[in-house]
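Q: okay, here's the prediction I keep looking at, along with the sequence it came from:
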Amino acid sequence: MLSCRLVCRGPGHVPTAMFAEVVLKILNLNSSQVSTNKEPSSMYKVLVLDRYTKDIIAPLLRVSDLRKHGVTLHLSIDTERQAIPDVPSIYLVQPSASNIERISADAAAGLYDVMHLNFTTTLPIRLMEQLAASMVKANAVQRVGKLFDQYLAFIALEPTLFSLNLPDSYVQLNDPSAADQQIEVRMRLHGGAW
């Protein structure tokens, strides 16, 4: 796995704090006003994650932090889930064909009231078109509240340490014989975090 240490430029530039702030904004339905008070949110929400995004959230937030922001359930997109039709959902997933299929199936089944879709990297046009076509076909377009690319394709392990969570990436990116073009292709495959 590739891990990098960042040079912090004071308290306002601590990567884990910035990553946590982005995740909290997601939990607040991408509102520009992130609640900082100690009172729990009065709106209950369901958080749907894939395996990769569970690893992103785990070092940043505890279950009590999720609850404080109104997340009463956090579920895996890969499991069968019961319908909770009067509660909004927040999806934080990688932009993959299998996740798009699951999101479309959830919307068609009416599992949640409104779906706020957040992808860890840019959602490719072909997947956006697939999502749009399946929503129209299922007459479920009204279920999508918001759709965002969040650029969270890394895991903040410590205040100055993050990982791209790519197997063998350290060797591949630091190989003296690797051409710049090979390194750029590898980083693009990861969603262009650089």
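A: Received it, and whenever you're ready, just let me know what you need. Note that this is a predicted model, so its numbers are computed, not measured. Residues are numbered from 1 along each chain as shown.

Q: and Thr53, which of the three is it?
A: Look at Thr53: counting by DSSP: H, G, I helix; E, B strand; the rest coil, its state is helix.

Q: so it sits against Pro95, correct?
A: No - Thr53 is beyond contact range of Pro95, at 11.3 Å (criterion: C-beta atoms under 8 Å). Just so you know, the C-beta spots here come from the backbone N, C-alpha and C atoms, and that holds for glycine as well.

Q: more neighbours, the two?
A: Taking neighbours as other C-beta atoms under 10 Å, Thr53 and Pro95 compare with Thr53 leading, 27 against 19.

Q: who's in contact with the more buried one?
A: Thr53 sits next to Leu92, Val93, Gln94, Thr120, Leu152 when contact means C-beta atoms under 8 Å, 6 or more residues apart in numbering.

Q: would you mind measuring from it to Ala140?
A: Using C-beta to C-beta, to the nearest Å, Thr53 is found at 22 Å from Ala140.

Q: do Thr79 as well
A: For Thr79, the distance to Ala140 - C-beta to C-beta - is 20 Å.

Q: between these two, tell me which one has more neighbours.
A: The residue with more neighbours, out of Thr79 and Ala140, is Ala140; 19 against 8, by other C-beta under 10 Å.

Q: pLDDT score for the more buried one?
A: On the pLDDT scale, Ala140 is placed at 95.

Q: what do you get for Arg62?
A: Arg62 is assigned 89 on the pLDDT scale.

Q: ok, now Pro176?
A: Looking at Pro176, its pLDDT reads 83.

Q: check which helix or strand covers it.
A: For Pro176, there is no enclosing helix or strand under DSSP states H and E.

Q: burial of it, as a residue count?
A: So Pro176, with other C-beta under 10 Å, has 4 neighbours.

Q: what's it sitting at in phi/psi?
A: Dihedral angles of Pro176 (phi, psi; degrees, to the nearest 10) stand at phi -60, psi -20.

Q: i'd like the first residue to be 824 from this point on
A: New numbering, starting at 824: the last item is Pro999.

Q: who does Val967 bridge with?
A: Val967 forms beta bridges with Met938, as assigned by DSSP bridges.

Q: doesn't Met938 make contact with it?
A: Yes - if you go by C-beta under 8 Å, Val967 and Met938 touch, sitting 5.4 Å apart.

Q: look at the two and report which has more neighbours.
A: Neighbour count, other C-beta under 10 Å: between Val967 and Met938, Met938 has more, with 22 against 17.

Q: follow-up on the earlier one: most neighbours of all the contacts of Thr876, which one?
A: Highest neighbour count within those: Leu915, with 26 neighbours (other C-beta under 10 Å).
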